[in-house]
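Peer 1: sharing a model prediction with you, sequence too.
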Amino acid sequence: MKTTEVIVAFILTLSLLSFPSLGFQSDELLVDDEEFGLEGAPQPRSPEPIPSRSQPVTTPTRKRHSDLDSDSKIQFSLDHAFGDSDFTPAGTFSARLKTWSHGGQTLTKLRFSRNSFTDEEKEKFKNLLESDDFYRIRLPSNVLSPPGRDFIISSVKARCLPREGLDEHFVIHMEGINVLAVNYGSPGSCPYPRNLKLPAKWSFNSHTVLKNSEQAPRAPVFTEEILGGENGEGEVVPPPERSFWAKYWMYLIPLGLIVMNAITQAMNLPEEQAAGQVPAQGQPSGGAVQRGPSSAVRRR
Amino acid sequence: MAIAMAIRSFLFLLLLFFSSLNPILSLYEDQVGLMDWHQQFIGKVKQAVFHTQKTGRKRVVVSTEENVIASLDLRHGEIFWRHVLATNDVIDGIDIAIGKYVITLSSGGSILRAWNLPDGQMVWESSLQGPKHSKSLLLVLTNLKVDKDNVVIVFTNGRLHAVSSIDGEVLWKKDFEAESLDVQQVIQPPGSDLVYVVGFAASSQFEMYQINARNGELLKHESAAFSGGFLGEVSLVSSETLVALDSTGSILLTISSHNGKISFQQTPISNLVGDSLGPAVITPSSVTGIFSLKVNAITIFIRVIGEGKLEVLEKTNLKTAVSDALSISEGKQAFALIQHAGSEIHLTVKPADDWDGNLLKESIKMDRQRGLVHKVFINNYIRTDRSYGFRVLIVMEDHSLLLLQQGEIVWSREDGLASIIDVTTSELPVEKDGVSVAKVEHNLFEWLKGHMLKLKGTLMLASPEDMAAIQSMRLKSSEKSKMTRDHNGFRKLLIVLTRAGKLFALHTGDGRIVWSHLLQSLHKPQACQHLIGLNLYQWQVPHHHAMDENPSVLVVGRCGPSLDAPGVLSFVDTYTGKELSSLSLAHSVAQVIPLPYTDSTEQRLHLLIDADQHAHLYPKTPEAIGIFQREFSNIYWYSVEDDNGIIKGYALKSKCTSEVADEFCFDSRELWSVVFPSESEKIIATVTRKLNEVVHTQAKVIADQDVMYKYLSRNLLFVATAAPKASGEIGSVTPEESWLVAYLIDTVTGRILHRVTHHGSQGPVHAVFSENWVVYHYFNLRAHRYEMSVIEIYDQSRADDKDVWKLVLGKHNLTSPISSYSRPEVITKSQSYFFTHSLKSIAVTSTAKGITSKQLLIGTIGACFTGFGT
């Protein structure tokens, strides 16, 4: 037991060591940027390049920990509305606010707790289902000082949500601590003739995803790089290897025919011989008889 | 709430229309680079300076509201040379110095340039700075010669400069920053070395500075207070008399200075007019001794007879335009006056000292579609009988420029086409049977003459004029410029709406104007004071009755500059240019959505969204409402508030709940919103797919012989945002603090389907969206180059439909309807390329069936075109 504990601890420390290094990857990229800047146009090295925009953080499932960065817990609420009704609280998102050493802030570890529907809300939701109306949600546009500039609204036809229970799927597009947009809807498809279907159980099954912007791949800046790249490409990318059959079928088919021919002959030969030996026994086929001399010729 | 509609390209050259043509003219390979037609325009003329040096050809130099300086041929109106300055380089004044340089003052008075008159080459440029922002005034002292050099006096940014016109060197400068001086005019009395700077300080103090033009020495400073305050401009009447209005606009002040003493004389305007109807405005003019006032629609001409005595010369309620004074001989001045009377305009040239002694009186028939005369510029010439002749250059309401001489319009330029707001196309009439060639050829004589000319041409006997005649005949009869529809639909009419509110129909074959129509003339002036044209839509495109019905366009306009001003709709026949009907709306027009439905007369249904987000359906017929009700729940739209950084999506809710029952009005509800953080992103471009685009195939074979399905949604919106700091000019920020984010947003649900950040890049972004791809052009600050990126979006939910057996057995989902409410399974592919040119516009070709491969059309700054395969 002791040894396993030691191993676990070792793995943990390894992971602790390795994850910060993941975090540094993009830092290295930034260092790259500065080098480009120095070569391209002389400018002073700014100690804090690109604040607030960095580090594409995908789903907050991965454990990230760094001694430099400080975390704090924050909460923000989700409101909903049935059709044109007013917004009422529907749940809370809780997340960890990670402050990066260079000043940027991002959210990680997003959790969502949904309030279950009250009877009144169930009734409202049923009405929505019947009239194929919109179920609307909203989020603050700034998670630190809600509601920020404005609320982020998203809506879905209520008939898209019921499956077994009520399935919902949030994709929250973040920019630092600002919520840009939220994609709300069913996790699967919701084909057009939306049929009325009441959920079997009135509980929400929520999936949440946090999304940050992708980085565009950088085009090579210097001509050498471009040339290099072109040369690399210029070395004629070999076309995808075709299968053996695709390449040589025109040889293989005649070959196959010859082989087949040879086999039939080889089959006939014993027969012929047998026929020659015991002519009275079998019924010599005409073909075999005709072929007899030719094979005899060949045998010569 | 400012709502930005889909980006409208303000294309400067007509040539660029091809980029917005749809379907576009296709070319054969050997036709690439050949120009069908090319027309250059200059815009509405602001100022004109005539050049009448004996040696040079007769030219006029003009500056326009489109920031163009051009030299025009006075005999034909052709452009000798033309310079288009940048959009923020507004021209404040032009003049001619030492007989060969055109001096221009631009960019709020900070740039002074000299252009060589014969060829338009820039000779020198000097940058003039000053302590504070002020009015900019340009004055060339023609009679002050310093070593054959004319001194150019420029008042700009609170500083008076004297610049040498030979090399642009600043000879002296003098600041007027100490006082809160609002300089109105810089005056040079003829024949002296003095310059007077006249202005108001603290709104009730009249200031006058006398300055020696040779060295900038301040000789005298006089000031006088007037308790009533001043309004607007002063007008110079004679070398020592000025007129101004008090702050209420009801009292006329005559300011005269005698030997250093400034005195005011007050005359209530009601004394002059009889009954004062409202505040008066002094029309700027430079005629000695005479000035004109405008009180409401009445124009009053007043002469100043020494010592502040005023004499009313004429009162008229005709629309009047007055030119500046032109000195015809020693001490004598003349000016031109144009008055509208019905369909005619009366041109009168009067000497400054004798109101009734007309030098010239002519009546000219004027096309009503040109509107009112806005500006008049007078010029004289010596007739064959050695007497003085006058010709005038007039600028009309539709921004066209005309030269009048001897009671005729010598030439006219349709310069309204320099500022185009919107373009749409219309099919030409179908060629009817029974229209024979004989009808086209006017008569037998013409026909014979044509054949004789052609015969001469083939026998090499034709003179150059004959050749030109043959050429023009060929052009006229050529297939390209016929007024009928061709088999492939290449020939079309371009319906163009200009900023002046004029509608033009241009033929795509040769660019000629088929008809034109001023919107303002449609409406009674009291109904709508300032009609502003906004957009053009195809209202009715007959297919079933193409032989006997004409297509029509919908022109959407607005009464007045504010966004919530009531809208105006006008329906115009595209073959004849006649207005079919017009509507003055009770609501404003913020957005117009052409719906993909037509009624039984093939009128397209349009949804007009007003500033309060109510939707109004047009045409207002029961049939339209029936069609609309069926699709009620499937109608969504969005608005982009680009100064706010918010994009919102809407759907229809119910009938309007207003006191007036209106069954064509609907309430809307907000469905989604995307809020861009104001500190890091600002919307700089939005692009959607064309509504009528046809996509031929859904599948695309990629390089590894695999098949991908295009994500084809009509509801995709491309949005580009940039860092607020980086939304200025290129190079104003460092790469570290600039970025550009590109988004693909579904406009039904507000889903962000794709989002990518380009660090170190900035706008301006030009983008084009077609099928499942968007191409956008921006500046890469790190590489110091322009870059173009393409995003392609593919549908992964259909990725399994590659099996032939599935297709054969029908086990595919290719025919299942797509819903925006399904979670999209899309992947995007993108690539970036360096692109050396800077862009003005970008578009993509489209064809009737969408089979022909797409080409990107790129309009670069140098007005050239590039085609790209995609």
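Peer 2: Great, that's in hand.

Peer 1: switch to C-alpha atoms for all contacts and neighbour counts from now on
Peer 2: Fine.

Peer 1: closest residue of the stretch 751-870 of chain B to chain A?
Peer 2: Nearest residue of the stretch 751-870 of chain B to chain A (C-alpha to the nearest C-alpha) works out as residue B:822 at 3.9 Å.

Peer 1: report the contact partners of that residue.
Peer 2: In this structure, residue B:822 makes contact with A:185-191, judged by C-alpha atoms under 8 Å, 6 or more residues apart in numbering or on different chains.

Peer 1: would you double-check that residue B:446 falls in a helix?
Peer 2: Yes - assessed with DSSP: H, G, I helix; E, B strand; the rest coil, residue B:446 lies in a helix.

Peer 1: distance of it from residue B:453?
Peer 2: 10 Å (C-alpha to C-alpha, to the nearest Å).

Peer 1: who's more crowded, the two?
Peer 2: Using other C-alpha atoms under 10 Å in any protein chain shown, the more surrounded residue of residue B:446 and residue B:453 is residue B:453, with 20 against 11.

Peer 1: give me the three-state assignment for that one.
Peer 2: Three-state assignment for residue B:453 (three-state DSSP): helix.

Peer 1: quick check, it in contact with residue B:470.
Peer 2: Yes - using C-alpha atoms under 8 Å, residue B:453 is in contact with residue B:470, at 6.6 Å.

Peer 1: restrict the contacts of residue B:822 to those near chain B?
Peer 2: A:185-191 (C-alpha under 8 Å from any C-alpha of the partner chain).

Peer 1: residues near residue B:338, how many?
Peer 2: Using other C-alpha under 10 Å, residue B:338 has 25 neighbouring residues.

Peer 1: wait, isn't it in contact with residue B:346?
Peer 2: Yes - assessed by C-alpha under 8 Å, residue B:338 is found in contact with residue B:346 at 5.5 Å.

Peer 1: which SSE is the residue lying closest to residue A:189 once chain neighbours are set aside in?
Peer 2: Excluding its sequence neighbours, the residue lying closest to residue A:189 (C-alpha to C-alpha, 6 or more residues apart in numbering or on different chains) is residue B:822, at 3.9 Å. Assigned by DSSP states H and E, residue B:822 falls within no helix or strand.

Peer 1: could you do the one 5 residues further on as well?
Peer 2: Here residue B:827 sits within strand B:826-835, counting by DSSP H and E.

Peer 1: adjacent strands (with direction) for that strand?
Peer 2: Sheet pairing of strand B:826-835 (DSSP bridges) gives strand B:785-795 (antiparallel).

Peer 1: what is the rounded mean pLDDT of the strand it pairs with?
Peer 2: Strand B:785-795 comes out with an average pLDDT of 89.

Peer 1: may I have that strand as PDB, with CA atoms only?
Peer 2: Only the C-alpha atoms of strand B:785-795 are listed here, as PDB (Å, rounded to 0.1, in the frame of the first residue of the first chain):
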ATOM      1  CA  ARG B 785       1.200  43.500 -45.400                       C
ATOM      2  CA  TYR B 786      -2.400  42.900 -46.300                       C
ATOM      3  CA  GLU B 787      -3.700  39.500 -45.800                       C
ATOM      4  CA  MET B 788      -6.700  37.600 -47.000                       C
ATOM      5  CA  SER B 789      -8.300  34.700 -45.200                       C
ATOM      6  CA  VAL B 790     -10.900  32.300 -46.200                       C
ATOM      7  CA  ILE B 791     -13.200  30.400 -43.800                       C
ATOM      8  CA  GLU B 792     -15.100  27.400 -45.200                       C
ATOM      9  CA  ILE B 793     -17.800  25.800 -43.100                       C
ATOM     10  CA  TYR B 794     -18.800  22.200 -43.600                       C
ATOM     11  CA  ASP B 795     -21.700  20.200 -42.200                       C
END
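
Peer 1: now for residue B:237: which residues touch it?
Peer 2: B:243, B:286-291, B:304.

Peer 1: contacting residues for residue 160?
Peer 2: Assuming you mean chain A. Residue A:160 sits next to A:185-186, A:190, A:194, B:821 when contact means C-alpha under 8 Å, 6+ apart.

Peer 1: wait, I meant chain B there
Peer 2: Contacts of residue B:160 (C-alpha under 8 Å, 6+ apart): B:153-154, B:173-176.

Peer 1: have a look at these and tell me the least confident one.
Peer 2: On pLDDT alone, residue B:176 ranks lowest of the contacts of residue B:160, at 76.

Peer 1: that residue and residue B:158 touch, don't they?
Peer 2: Yes - judged on C-alpha under 8 Å, residue B:176 makes contact with residue B:158 at a distance of 5.4 Å.

Peer 1: name the residue in those two with the higher neighbour count.
Peer 2: Neighbour count, other C-alpha under 10 Å: between residue B:176 and residue B:158, residue B:158 has more, with 24 against 20.

Peer 1: any idea how far chain A is from the more buried one?
Peer 2: Noted for residue B:158: a distance of 36 Å to chain A, by C-alpha to the nearest C-alpha, to the nearest Å.

Peer 1: would you confirm that that residue contacts residue B:137?
Peer 2: No - the pair residue B:158 / residue B:137 is not scored as a contact, 10.6 Å apart, by C-alpha under 8 Å.

Peer 1: common neighbours of the two, please.
Peer 2: Joint contacts of residue B:158 and residue B:137 (C-alpha under 8 Å, 6+ apart) do not exist.

Peer 1: quick one, helices of the stretch 101-250 of chain A?
Peer 2: A:119-131, A:223-234, A:244-277 (DSSP state H, counting those that start in this stretch).

Peer 1: and the pLDDT for the spatially most central residue of chain B?
Peer 2: Chain B has residue B:419 as the residue nearest its centroid, 2.5 Å off, counting by C-alpha atoms, centre = their mean. The score at residue B:419 is 89. That number is its pLDDT.

Peer 1: farthest-apart pair in the contacts of residue A:160, please.
Peer 2: A:185 and A:194 (13.8 Å; C-alpha to C-alpha).

Peer 1: coming back round to it: contacts for the strand holding residue B:827?
Peer 2: So strand B:826-835 is in contact with A:219, B:711, B:753-754, B:785-797, going by C-alpha under 8 Å, 6+ apart.

Peer 1: at 7 Å instead, please
Peer 2: For strand B:826-835, the surrounding residues in contact (C-alpha atoms under 7 Å, 6 or more residues apart in numbering or on different chains) are A:219, B:785-796.

Peer 1: now stretch B:643-659
Peer 2: If you take C-alpha under 7 Å, 6+ apart as the criterion, stretch B:643-659 is touched by B:635-641, B:662-663, B:665-676, B:678, B:682-683, B:747-748, B:750.

Peer 1: how far does that stretch sit from its chain's centre?
Peer 2: Between the mean C-alpha location of stretch B:643-659 and the chain-wide mean there is a distance of 31 Å, by C-alpha atoms, centre = their mean, to the nearest Å.

Peer 1: continuing past the one helix or strand residue B:350 maps to, what's the next helix or strand?
Peer 2: Per DSSP H and E, residue B:350 falls inside strand B:344-351. Using DSSP H and E, the helix or strand that follows strand B:344-351 in sequence is strand B:360-365.

Peer 1: which positions in that following strand come out as buried?
Peer 2: Neighbour-count burial for strand B:360-365, with 16 or more other C-alpha atoms under 10 Å in any protein chain shown as criterion, is recorded at B:360, B:363-364.
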